[in-house]
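**Q** The following comprises the amino acid sequence and a computationally predicted model.
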Amino acid sequence: MTDLALANVTVDCAHASDLAGFYAALLRRPVDAGASEFFATVGREAGARPVLMFIKVPHRTPGKNSVHLDLHTRDREAEVARAVGLGAKHVADFAEYGAVWTTLADPEGNLFDIGDGGS
């Protein structure tokens with residue numbers, strides 16, 4: 001029996017290196033060497049798992065993305081403000097099921113959450 005391991009979280013996008021730059025700044029990590037408008041990664045060179053991978057595609061699937069990043073922090077309000085300063089759009093705040101989080105959209109409209117929690 002072979003074990004599966006999460007290797008990458010892949011984001012289809014219009015400009016790979018630009019969107020990788022947004023997430024690299026948000027996560028305070030560098031964009032890996034060799035990034036281009038077609039393909040970029042964050043975390044591969046540092047041995048991170050999962051690696052964030054950004055791939056330029058001609059047509060994005062319309063509607064809500066079915067997979068999104070949930071990021072946790074001890075200071076949600078500060079990190080939400082920092083994300084907005086980097087180019088994210090504040091979508092909504094939530095408090096459900098014992099959790100508190102903020103949903104944002106990255107510069108290309110992909111949704112991601114920043115929630116309360118240790119990091």
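**A** Looks like it came in fine.
**Q** quick one: His59 and Asp12, what's the gap?
**A** In this view, His59 and Asp12 are 9 Å apart by C-beta to C-beta, to the nearest Å. From N, CA and C alone the C-beta is placed, and that goes for glycine too.
**Q** Comparing the two, which residue is more hemmed in?
**A** Between His59 and Asp12, counted using other C-beta atoms under 10 Å, Asp12 has the larger neighbour count: 17 against 6.
**Q** which non-adjacent residue is nearest the more buried one?
**A** Val57 (4.3 Å; C-beta to C-beta, 6 or more residues apart in numbering).
**Q** Run a quick neighbour tally on Ile55.
**A** 15.
**Q** OK, contacts around it?
**A** With contact taken as C-beta atoms under 8 Å, 6 or more residues apart in numbering, Ile55 is in contact with 10-13, 16, 38-39.
**Q** Now intersect those residues with the helices, please.
**A** If you go by DSSP state H, these have Ala16 in helices.
**Q** Mark which of the contacts of Ile55 are buried, thanks.
**A** By neighbour count, with 16 or more other C-beta atoms under 10 Å, these hold 11-13, 16 as buried.
**Q** Is Asn65 in contact with Asn110, as I believe?
**A** Yes. Asn65 is within contact range of Asn110, at 5.5 Å (criterion: C-beta atoms under 8 Å).
**Q** So these two - more neighbours on which side?
**A** Neighbours were counted for Asn65 and for Asn110 using other C-beta under 10 Å; Asn110 has more, 21 against 15.
**Q** Tell me which residues touch that one, please.
**A** With C-beta under 8 Å, 6+ apart, Asn110 has these contacts: 11, 13, 19, 65, 68.
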